[in-house]
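A.B. asks: Dropping a prediction and its sequence here:
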Amino acid sequence: MPAEEILVDARGHRCPVPTLRLRRALEDAPAGARVRLLADDPLARIDVPHFAAEAGFELLERGEEAGVLSFLVSKG
């Protein structure tokens, strides 16, 4: 059974705020946690995957619906 998701809603904020909030949530989360980030800044499409790769987190999925970007990141 997958771990419960931690939701970080950063809609309405411009980058780098969504990525900074994601980083903080992942740092505070236990090992194995999954964090879902919601953002509506188009730059998050670039910033979030780059951050995840640089920081050693796994980007499990990404999507977009009605202008809202969604990223699911695992702490491993």
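C.D. replies: Thanks, I have it. Residues are numbered from 1 along each chain as shown.
A.B. asks: can you give me the helices for this structure?
C.D. replies: Per DSSP state H, the chain has helices spanning 17-28, 44-55. These are given in chain order.
A.B. asks: and the angle for the first one with helix 44-55?
C.D. replies: Orientation note: helix 17-28 sits at an angle of 30 degrees relative to helix 44-55 (axes from the mean of the first three to the mean of the last three C-alpha atoms, to 10 degrees).
A.B. asks: Let's see helix 17-28 as PDB, backbone CA atoms only.
C.D. replies: As requested, C-alpha coordinates have been extracted for helix 17-28 and formatted as PDB (Å, rounded to 0.1, in the frame of the first residue of the first chain):
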ATOM      1  CA  VAL A  17       8.200  29.600  -4.000                       C
ATOM      2  CA  PRO A  18       6.600  26.300  -5.200                       C
ATOM      3  CA  THR A  19      10.000  24.600  -5.400                       C
ATOM      4  CA  LEU A  20      11.100  26.000  -2.000                       C
ATOM      5  CA  ARG A  21       7.800  24.700  -0.400                       C
ATOM      6  CA  LEU A  22       8.300  21.300  -2.000                       C
ATOM      7  CA  ARG A  23      11.900  21.200  -0.700                       C
ATOM      8  CA  ARG A  24      10.700  22.100   2.900                       C
ATOM      9  CA  ALA A  25       8.000  19.500   2.800                       C
ATOM     10  CA  LEU A  26      10.400  16.800   1.600                       C
ATOM     11  CA  GLU A  27      13.000  17.700   4.200                       C
ATOM     12  CA  ASP A  28      10.300  17.500   7.000                       C
END
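A.B. asks: buried sites along it?
C.D. replies: Within helix 17-28, the residues that qualify as buried are Pro18, Thr19, Arg21, Leu22, Arg23, Ala25, Leu26, counting by 16 or more other C-beta atoms under 10 Å. Placement of C-beta: from N, CA and C, glycine included.
A.B. asks: Including pLDDT, could those residues go into JSON lines?
C.D. replies: As requested, the buried residues of helix 17-28 are exported to JSON lines (pLDDT from 0 to 100):
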{"residue": "Pro18", "pLDDT": "98"}
{"residue": "Thr19", "pLDDT": "98"}
{"residue": "Arg21", "pLDDT": "98"}
{"residue": "Leu22", "pLDDT": "98"}
{"residue": "Arg23", "pLDDT": "98"}
{"residue": "Ala25", "pLDDT": "98"}
{"residue": "Leu26", "pLDDT": "98"}
